[in-house]
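Asks: Whatever this is, show me its structure:
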Amino acid sequence: MKSNLLILTVFISIVVIIQSGSNNPLEWTDPNTGTYYNFSSLKKDPSAPWKVKDGADNGLFSMVYYFNFGQSHNMKCKGQQVGVSEVLEVLKQSTDTCEVLGRTEYKEVSLIDNTDPKKGIAVTYGGGDRCTNGDNPAENGKPRKTKFLLVCASNQEENVSSRFSISFLL
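Replies: Numbers count the residues shown, from 1 in each chain. The predicted structure is shown next:
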């Protein structure tokens with residue numbers, strides 16, 4: 001009986017290691033609870049990434065944020081493909097003035113609330129341009145990062161966009 005229990009324990013351990021070691025950048029399993037998250041529905045074609053305009057658009061100048069999940073987008077910033085960028089628009093046309101706010105290769109995933117995995121996950125893309133003259137002096141000189149809060153809906157039929165929350169940490 002002990003050998004069967006040992007074989008079962010080894011088998012379960014291998015399955016957990018394989019599942020938590022997924023190479024899919026749009027999946028994550030919480031190592032503490034085993035809760036599995038798949039946010040592949042948020043991945044967009046690199047040529048048409050997510051686009052969010054800053055609320056301070058005055059018709060002449062505006063800041064636009066481009067981002068994608070799981071891969072870089074095609075809106076180059078400083079000659080690089082990145083996961084998250086801030087671009088200056090003048091008269092609704094993108095300019096070459098931009099800041100890298102995060103790179104997909106610096107992705108970190110964690111629970112929003114460690115005591116309640118049902119609340120959702122935080123996906124953070126780091127490795128951005130160095131922060132200068134920021135509102136928070138403690139962040140000056142550090143690489144920029146962008147944190148996305150992916151809040152779980154109370155039921156599966158709920159519209160994703162009504163529960164999608166985004167935070168920019170600059």
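Asks: where's residue 87 relative to residue 151, distance?
Replies: Between residue 87 and residue 151 the computed distance is 26 Å (Cβ to Cβ, to the nearest Å). No exception for glycine: its C-beta is placed from N, CA and C like everyone else's.
Asks: if you skip the residues just before and after it, what's nearest to the residue most central in space within the chain?
Replies: The centre of the chain sits closest to residue 123, judged by Cα atoms, centre = their mean, with a distance of 3.7 Å. In this structure, residue 123 finds its nearest non-sequential neighbour in residue 148, 4.7 Å apart by Cβ to Cβ, 6 or more residues apart in numbering.
Asks: which residues pair with the one you found across the strands?
Replies: Beta-bridge pairing for residue 148 (DSSP bridges): residue 123, residue 166.
Asks: Quick check: which ranges of this structure have low pLDDT?
Replies: 1-22, 156-170 (pLDDT under 70).
Asks: Swap in 50 and give it another go.
Replies: Counting by pLDDT under 50, the chain contains low-confidence ranges at 1-21, 161-170.
Asks: mind listing what's buried in the lengthiest strand in it?
Replies: Ranked by residue count under DSSP state E, the longest strand found in the chain is strand 93-102. For strand 93-102, a neighbour-count test (16 or more other Cβ atoms under 10 Å) marks 98, 99, 100, 101, 102 as buried.
Asks: Identify, from those, the entry nearest to residue 42.
Replies: Top of the list for closeness to residue 42, among the buried residues of strand 93-102 and by Cβ to Cβ, is residue 102 at 14.6 Å.
Asks: In this structure the closest one contacts residue 83, no?
Replies: Yes - using Cβ atoms under 8 Å, residue 102 is in contact with residue 83, at 5.0 Å.
Asks: overlap in contacts of those two?
Replies: Listed as contacting both residue 102 and residue 83 by Cβ atoms under 8 Å, 6 or more residues apart in numbering are 67, 125, 146.
Asks: residues in contact with the closest residue to the second one other than its chain neighbours?
Replies: Residue nearest to residue 125 in three dimensions, not counting chain neighbours: residue 102, with 2.9 Å by Cβ to Cβ, 6+ apart. Each residue near residue 102 by Cβ under 8 Å, 6+ apart is listed here: 67, 82, 83, 84, 124, 125, 126, 127, 128, 144, 145, 146.
Asks: what about burial for those, which qualify?
Replies: 67, 82, 83, 84, 124, 125, 126, 127, 128, 144, 145, 146.
Asks: sorry, back to before: now the shared contacts of residue 102 and residue 83 in JSON lines, with secondary structure and distance to residue 91?
Replies: As requested, these are exported to JSON lines (DSSP: H, G, I helix; E, B strand; the rest coil; distance: Cβ to Cβ, whole Å):
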{"residue": "67", "secondary structure": "strand", "distance to residue 91": "23"}
{"residue": "125", "secondary structure": "strand", "distance to residue 91": "29"}
{"residue": "146", "secondary structure": "strand", "distance to residue 91": "26"}
